[in-house]
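Asks: mind folding the following:
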Amino acid sequence: MSYQGKFRVWRGDDSGGALEDFTVEVNEGEVVLDIIHRLQATQAPDLAVRWNCKAGKCGSCSAEINGRPRLLCMTRMSVFEESETITVTPMRTFPIIRDLVTDVSFNYTKAREVPSFAPPKDLAPGEYRMQQVDVERSQEFRKCIECFLCQNTCHVVRDHEENKEAFSGPRFLMRVAELEMHPLDTADRVDQAQDDHGLGYCNITKCCSEVCPEHIHITDNALIPMKERVADRKYDPIVWLGNKLFRR
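Replies: Residues are numbered from 1 along each chain as shown. Here you go, the predicted structure:
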């Protein structure tokens, strides 16, 4: 079964652009990325879109569909009414390169700012030992495909461009949390999260968790535990007293 679907796709570049209307054939079982490819093949051969695996594992085809950050390849056409006009726009948080392609280099800059895993110096490779519960705790975070939908939807940078320098975003705060929770990591990630990566900017609205295609509980399992550790260190009176006595 097929029908003629109505689409509004953003066309333009960093100098400006606008939404353009298209009518494209939609077949049963297709996803939005299929429609974008058909649009390229039949009506707009110069339409720019980033994609790779078409299986929801590379994170390349991130965009906004009817205003919601989603993967084009994981959004089935069956979730929309046939009479509905579907709007496809680039991720709003990042600078536009062309059409649906954005410059996500901000994320790679922030990734480089996170110090790597720091195991004990007296342990050689092959001597690392961990409890299974510790393995499982951080395994969830490793499901991340770096689609950057969480970065895109986070209002701290989505609505406030000036915060990008101080705030690393949920994806990389999750990385800091993963390392902090690792029983063999010796680096101090608590002050790092607050002072270097802007953990205090996060107000735990859970919008990052809602758009994650891997269903990672970013807020509950990474950001809130890190906030609790920061609060313990900075505001717990017993910890404060211990720090004072230890420094003496």
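Asks: domains in the chain, as residue ranges please.
Replies: Following automatic domain parsing, one finds the domains of the chain at 3-101, 105-246.
Asks: which residues are in contact with stretch 178-193?
Replies: Stretch 178-193 is touched from outside by 114-115, 117-121, 123, 128, 130-131, 134, 137-138, 141-142, 173, 176-177, 199, 222, 225-226, 229-230, 233, with contacts defined as C-beta atoms under 8 Å, 6 or more residues apart in numbering. Yep, even glycine has a C-beta here, placed from its N, CA and C like the rest.
Asks: now it, how far from the centre of its chain.
Replies: Centroid displacement of stretch 178-193 relative to its chain, using C-alpha atoms, centre = their mean, to the nearest Å, is 21 Å.
Asks: about what we covered before: including mean pLDDT, could the domains of the chain go into TSV?
Replies: Converted to TSV, those look like this (pLDDT from 0 to 100):
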stretch	mean pLDDT
domain 3-101	97
domain 105-246	92
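Asks: okay, those domains in TSV with mean neighbour count next?
Replies: TSV is the format used below for the domains of the chain (neighbours: other C-beta atoms under 10 Å):
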stretch	mean neighbour count
domain 3-101	17
domain 105-246	16
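Asks: where along this protein do the strands fall?
Replies: Per DSSP state E, the chain carries strands over the ranges 2-13, 16-27, 62-65, 68-71, 85-89, 96-98, 101-102.
Asks: so which of the ones you listed is nearest residue 246?
Replies: Residue 246 lies closest to strand 68-71 among those, at 45.0 Å (C-beta to C-beta).
Asks: from the contact counts, what lies against that closest one?
Replies: Counting contacts by 3 or more C-beta pairs under 8 Å, 6 or more residues apart in numbering; DSSP states H and E, strand 68-71 packs against strand 62-65, helix 149-153, helix 207-211.
Asks: make it 10 Å
Replies: Packing partners of strand 68-71 (3 or more C-beta pairs under 10 Å, 6 or more residues apart in numbering; DSSP states H and E): helix 32-42, strand 62-65, helix 149-153, helix 207-211.
Asks: in TSV: those, plus distance to residue 192.
Replies: Formatted as TSV, the helices and strands packed on strand 68-71 follow (distance: least, C-beta to C-beta, whole Å):
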stretch	distance to residue 192
helix 32-42	38
strand 62-65	27
helix 149-153	19
helix 207-211	20
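Asks: ok so, going back, make CSV from the strands of the chain and add distance to residue 54 to it.
Replies: Formatted as CSV, the strands of the chain follow (distance: least, C-beta to C-beta, whole Å):
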stretch, distance to residue 54
strand 2-13, 18
strand 16-27, 15
strand 62-65, 13
strand 68-71, 10
strand 85-89, 16
strand 96-98, 21
strand 101-102, 16
